[in-house]
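>>> give the three-dimensional model of this entry:
(chains A, B, C and D, ligands or ions: 4)
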Amino acid sequence: MPKMNMVEAVHQALLEEMERDENVVCLGEDVGRAGGVFHATKGFQDRFGENRSFDTPLSELGIVAFGMGMALYGLRPVAEIQFADFIHLAYDQIYNNVAHMSYRSVGTYHCPMVIRSPHGGGVRGGLEHSQSPEAIFLNCPGIKMVIPSNPYDTKGLLKSAIRDEDPVIFFEHKGLYRAVTGEVPLDDYTIPLGEARLVKEGKDLTLVVWGAMVQLAERAVPQLEERGVDAEIIDLRTILPFDKPTLLASAEKTGRVVIVHEAPKTGGVGGELSAVLAEEAIDLLEAPVMRVCGYDTPFPYSLEGTYMPSVERLLEAVDASMAY
Amino acid sequence: MPKMNMVEAVHQALLEEMERDENVVCLGEDVGRAGGVFHATKGFQDRFGENRSFDTPLSELGIVAFGMGMALYGLRPVAEIQFADFIHLAYDQIYNNVAHMSYRSVGTYHCPMVIRSPHGGGVRGGLEHSQSPEAIFLNCPGIKMVIPSNPYDTKGLLKSAIRDEDPVIFFEHKGLYRAVTGEVPLDDYTIPLGEARLVKEGKDLTLVVWGAMVQLAERAVPQLEERGVDAEIIDLRTILPFDKPTLLASAEKTGRVVIVHEAPKTGGVGGELSAVLAEEAIDLLEAPVMRVCGYDTPFPYSLEGTYMPSVERLLEAVDASMAY
Amino acid sequence: MSESIGPMPTQPRMHRLIAEDGTLEGGIPEGLGEADLLEIHRLLHLSRAFDDQAFKLVRQGRISFYAGSRGHEGAQVGSGYALEAHDWVFPSPHRELGVHFAKGATPFEKMSHYFGRATDPTQGRQMPNHFGSRKLNIVPPSTAVGTRIPHAAGVGFAARSKGDPTVGVAYFGDGATSMGEFHIGLNFAAVFRSQTVFFCINNLWAISVPLDRQMGVPTIAERAAAYGFPGVLVDGNDPLATYEVMKTALDRARSGGGPTLIEAKVVRLCAHTSFDDESRYRDAAEAEEGERKDSLVRFRAFLEKQGLWDAAKEAELAATVRRQIDEATAEAEAAPLPAPETLHRHVFYEGPEGD
Amino acid sequence: MSESIGPMPTQPRMHRLIAEDGTLEGGIPEGLGEADLLEIHRLLHLSRAFDDQAFKLVRQGRISFYAGSRGHEGAQVGSGYALEAHDWVFPSPHRELGVHFAKGATPFEKMSHYFGRATDPTQGRQMPNHFGSRKLNIVPPSTAVGTRIPHAAGVGFAARSKGDPTVGVAYFGDGATSMGEFHIGLNFAAVFRSQTVFFCINNLWAISVPLDRQMGVPTIAERAAAYGFPGVLVDGNDPLATYEVMKTALDRARSGGGPTLIEAKVVRLCAHTSFDDESRYRDAAEAEEGERKDSLVRFRAFLEKQGLWDAAKEAELAATVRRQIDEATAEAEAAPLPAPETLHRHVFYEGPEGD
Ligand SMILES: Cc1ncc(C[n+]2csc(CCOP(=O)(O)OP(=O)(O)O)c2C)c(N)n1
Ligand SMILES: Cc1ncc(C[n+]2csc(CCOP(=O)(O)OP(=O)(O)O)c2C)c(N)n1
Ligand SMILES: [Mg+2]
Ligand SMILES: [Mg+2]
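Ligands and ions are numbered 1, 2, ... in the order given. Below is the predicted model:
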């Protein structure tokens, strides 16, 4: 089985889907001629022609909106937003146009499209090359959202996203693009949206993570073991709709939950997860759900090391939870 | 003391602030010549001239961005977004420009501006004349957010917002504009941002509400009393930063909390509040924090009565909490 | 230095075929026979009568809201009549009544929409005026004006890449041209030579904001030059002229010639919506003056001059239309509201429903 | 019908004062004395030398990222030299090096910025290239290109309404003109006659996207016509010409004449950024050809032809600049990082800090 890094897995998934279905079309800035600033669409223009993998004028709003028109008409656009920090520019299009189309038209029009975008910090990107803006879509009915943490999942989830009839936002952690490598089968497999992945079984405490935070949690395992904490690690994978049964089952088993994400704590996805856990499983919780997150500041440049959730901060939260 | 409805209170606050400080400037669609579609800026153009209350071209992005330039330069713009459902169009400007300016420049540039906008449902407005988009700003450090529920607070809070050195989003429930009347002193009073208001003391259960949901909670009081539930009602007023001490104190007292908001439940402000309560007061809670919210659908037209939180749904949640 | 300042484009000439008094100034557009002319006339009447009825229903509290099309019908019906069934229309959220009718919407469908009934093609999901229909290729608008403009460019690209003759058509007002989406939509369409027509109905107002507070140039058509495709100015009270320029633009788009921007100039003969009090900002004389240019008056005079029409026919048409609308009103009002449990449907795709 | 199609504006003529070989074709702009010419030359050198140094620092892993200005200096320095201290600049997030220097930034401040040190005017908050300084009225950019364009319009309005002579100046690239913010910013400025200059440095590329995939017209200057104010095309490798058109536009803005759009045409003589491999999409011949037009070569030849410059002076200047930059590098690298606890400061306003 070939080994791939994350961006190669993205490339592989796109390639297979473009070969499978001629309606799949990639668009975005630098997507065509150059094959993507991260090489996700490398070689596609030569292989599939200018109508199937192409550069757009410089407008994220335009990429999403033009893609939406294409999707309404029956294509399956995969729109690349070069950095997730620019997705805000297309926010109205995603929120009030793409996401709501099926609802407003009682399903007579719909937008099967994928909006792919590298997100995440720790790459010296400063305020707008580092954000993890998943929470801004959390209050938007009609959107699905996926964040893979490894090459295998990346391929399987991206293929599902492309085949899904609903709009899917697909964030790829740019810090993982070349940092994580793994075996990726060349066959046509998919991973269903909405299902979390059990990274590691454990009985004492549940770590809920996604994207690059999965690695962080894994890195913390030795120190957790030293402390005698047998942690269960759950990779959420799909943020919307998230896998409530798996979360609840794990919380029930361990009684303690720590959620880790890069985005600022206040208003982050962790709040909703925590609320749901408390709502549905308060009696099973032996400690309050803890959140280890980015601080409530914009993403800094020089101090990003201080800003990012770290193994230390994770351990502190675990200690607090265990000691509760 | 004169009686005013909510929109008159907005008008009064703006008027006083414009008289007090010549840097205060109102801008937006139909704000100048017509005095605002809801009459919030009625007569201002005649009184203060075209440079201080004016119509803009039709672009919410432009209103916020042009206003931001004005604020950077030293004016105190009060930008009107005609309906809150259009604030998404200015999302990048608010998120990555207005909110982050102080941080990115270590305070050397900042944006003292108010973005006023009528929000809320129950007015037969369908998908984009009904939304309560407060949650989309919750994960955005640098923004303050206020939602008044009555004329007195409206005036005092709006004046504080205008004088604040930070950008403040000020949502006014359009369903309350003419529906709620109250005494509003003509003197120059302010209400500090960040402080919740105790609407009604109670000992059995805390209702956390804001905007039009304050009225809803008040309407439920007789039925709550019938059930023997002495509810404490807290009007959050400032959503960002919210008044954690007051919430915690009330939760500690009553042990039971029900949060009510119009926006969809998933990813709504209620999740963050619930998470904070569980984080900091889990042992004081005698029941899980409950949320009564809009459903996880876009805002419908014909079925908005079904969609909106109602006294019945509120009572159901209270019953569940009390029975827990 | 002054030589390096780009020359200001001269304003485009206004295209017109019928003079205000009904005299035919140009030729009747190719392909339009007698039946077509009478059908255009019928659609004008249907729109106007529907408009009158809807305002009445608002006043009576039977529907919640209405944005009138009075004064805009010449542009709507004329251009809409040029559309093929397979062309996709992105109407503005609050007008385009005559386009809906020209595209084949029935008074019952339209009324069901205003009453928010289950018989509305989008089952009462949208607030009044936000009409849409899959069958008719009318995409239900979102309320924010201008936001659908780039969608028409995307549809026009998709159709081109599939080799379909479909044209994506965006309708919008003068105010909507200030949106970023206008610029982006036109720019994308230009770069991709989308099969798209941008049809702006310029009624000189965006609610209370007059054109000269909206933009620094006198016409919208001339802005097309910034994108590298034609901009056409047409008298929106002349249904034949709007038909002709739309037909030309559609043919051009279908044959790979790229997009066109059309500006149809009209006079708003109503308040912005039923919610609006235009006396706060608008001089009554403008509308009075506008009434003289009304497309219904002009087109009737034209038909009479052509010997195709007379007072008796006019009365008969009015009665027919009146009856249709009364029936549609009664039927729609009697139709059921969507069932409460449908609230939760179609947030995510469940397959099509409705029309 | 064809008469109703708006005429395409003819392309604006390119403004130029110095021929490629350094021959003065026009007059030296009013107000520029010998000292000014030498200072412009120095700024060109300073920018270029800084650029070279920064690329070296990236290769050595001492700074994390750099976007070069090589090839853009003529437009940056020439236009920047026309600015008054009180004029506000909104630079693009990744270039405008020469403007920063013309506005008075020191090599130490700039280097501190690249090293993300506490001595950076914005204390290492922003990623490299996003330079800003309150003292210099350079507003720190956000990364999304074009998003600051309407801010310059707002500043230009605020200054006008306060009766200040300040002009708000937005710099941006050709790619940024596709953003909705471009349209909105220019449109607002036109309607409000803002004291604003829109300065586009057109290097024919947006990373890998060439101009003809960016827009359907050959020049950006001609797009000004859609807003009703002048669009000026200038040779961006000619510092005198860019100075002159900028000075004219600033004067015009200050005196109530409204905004101007300037397009300075340059050749990008570097990859997009240190992250970019331009061989993936760009023919090497373009840059080679571009080197011949380089503003540094041209301006030196011009000065020599004017009898103001010779090889010895050039060597001396190069050495001085080199030394300044080496010192600035060493000093900045040795400066402290911002203290960790400052992370939480200035999310909300705490009063100014820094420069
Ligand atoms: C983006 C947005 N902002 C504000 C509104 C509120 N609004 C509804 S119609 C309208 C004016 C539109 O003017 P124009 O585009 O000229 O169309 P007209 O109503 O004149 O047909 C406004 C401001 C809106 N619908 N969308
Ligand atoms: C809104 C936005 N989208 C994407 C990017 C990523 N990006 C950085 S520079 C650039 C190209 C900019 O081209 P242009 O405006 O011509 O400026 P140039 O780099 O050529 O000076 C892109 C796409 C960005 N910074 N902002
Ligand atoms: Mg209009
Ligand atoms: Mg460029």
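>>> quick one: the residue in the stretch 201-350 of chain C that ligand 1 sits nearest to and B:V64, what's the gap?
Proximity to ligand 1, evaluated over the stretch 201-350 of chain C using CB to the nearest ligand atom, is greatest for C:A206 at 3.2 Å. Every C-beta, even on glycine, is put in place using the N, C-alpha and C of the backbone. From C:A206 across to B:V64, the span is 18 Å (CB to CB, to the nearest Å).
>>> compare the two (neighbour count), which wins?
The neighbour count for C:A206 versus B:V64, taken as other CB atoms under 10 Å in any protein chain shown, is higher for B:V64 (30 against 23).
>>> can you count the residues close to A:P185?
When neighbours are counted by other CB under 10 Å, A:P185 comes out with 12.
>>> does it count as helix, strand or coil?
coil (DSSP: H, G, I helix; E, B strand; the rest coil).
>>> what of the one 3 residues further on?
Under the three-state scheme (three-state DSSP), the conformation of A:D188 reads as coil.
>>> tell me, what residue is most central in chain A?
Closest to where the C-alpha atoms of chain A average out (CA atoms, centre = their mean) is A:I147, at 1.7 Å.
>>> next up, the contacts around that residue.
The contact partners of A:I147, taken as CB atoms under 8 Å, 6 or more residues apart in numbering or on different chains, are A:119, A:134, A:170-173, A:210-211, A:236-239.
>>> rerun that using 10 Å as the cut-off
A:119-120, A:132, A:134, A:153-154, A:157, A:169-173, A:209-214, A:235-239, A:261, A:269 (CB atoms under 10 Å, 6 or more residues apart in numbering or on different chains).
>>> of these, list those near ligand 2.
Among the contacts of A:I147, not one lies near ligand 2 by CB under 6 Å from any ligand atom.
>>> now intersect those residues with the helices, please.
A:153-154, A:157, A:212-214, A:269 (DSSP state H).
>>> now, which of those sits nearest D:R59?
A:A212 (27.0 Å; CB to CB).
>>> up against chain B, what does the stretch 1-150 of chain A have?
By CB under 10 Å from any CB of the partner chain, the residues of the stretch 1-150 of chain A that approach chain B are A:60-61, A:85-97, A:99-104, A:126-128, A:131-142.
>>> if we go to 8 Å?
A:85-86, A:88-89, A:91-92, A:95-96, A:99-100, A:103-104, A:127-128, A:133, A:135-142 (CB under 8 Å from any CB of the partner chain).
>>> again with the stretch 1-150 of chain C
Checking the stretch 1-150 of chain C against chain B by CB under 8 Å from any CB, the hits are C:64-65, C:116-117, C:123-127, C:130, C:142-147.
>>> spatially, which two of those are the most separated?
So, the residues of the stretch 1-150 of chain C next to chain B by CB to CB: farthest apart are C:R117 and C:G146, at 28.8 Å.
>>> and stretch A:279-293, how far apart are its ends?
Start-to-end span of stretch A:279-293 (CA to CA, to the nearest Å) is 21 Å.
>>> go ahead and confirm C:V217 touches D:R223.
No: under the criterion of CB atoms under 8 Å, C:V217 is not in contact with D:R223, lying 11.7 Å apart.
>>> of those two, which one has the most company?
D:R223 (28 against 21).
>>> low pLDDT regions in the stretch 101-250 of chain C?
The model of the stretch 101-250 of chain C has no residue with pLDDT under 70.
>>> for it, which residues are neighbours of ligand 3?
C:173-174, C:203, C:205-206 (CB under 5 Å from the ion).
>>> so which of those residues sit within helices?
Among those, no member falls in helices (DSSP H).
>>> for chain A, just list every one of the strands.
Secondary structure of chain A (DSSP state E): strands located at A:3-5, A:24-28, A:53-55, A:76-80, A:114-119, A:144-146, A:168-173, A:181-183, A:197-200, A:205-209, A:231-235, A:238-240, A:257-264, A:290-294.
>>> could you dump these to TSV with mean pLDDT and mean neighbour count?
Formatted as TSV, the strands of chain A follow (pLDDT from 0 to 100; neighbours: other CB atoms under 10 Å in any protein chain shown):
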stretch	mean pLDDT	mean neighbour count
strand A:3-5	98	17
strand A:24-28	98	25
strand A:53-55	98	25
strand A:76-80	98	28
strand A:114-119	98	27
strand A:144-146	98	25
strand A:168-173	98	27
strand A:181-183	97	14
strand A:197-200	98	17
strand A:205-209	98	28
strand A:231-235	98	25
strand A:238-240	98	24
strand A:257-264	98	26
strand A:290-294	98	24
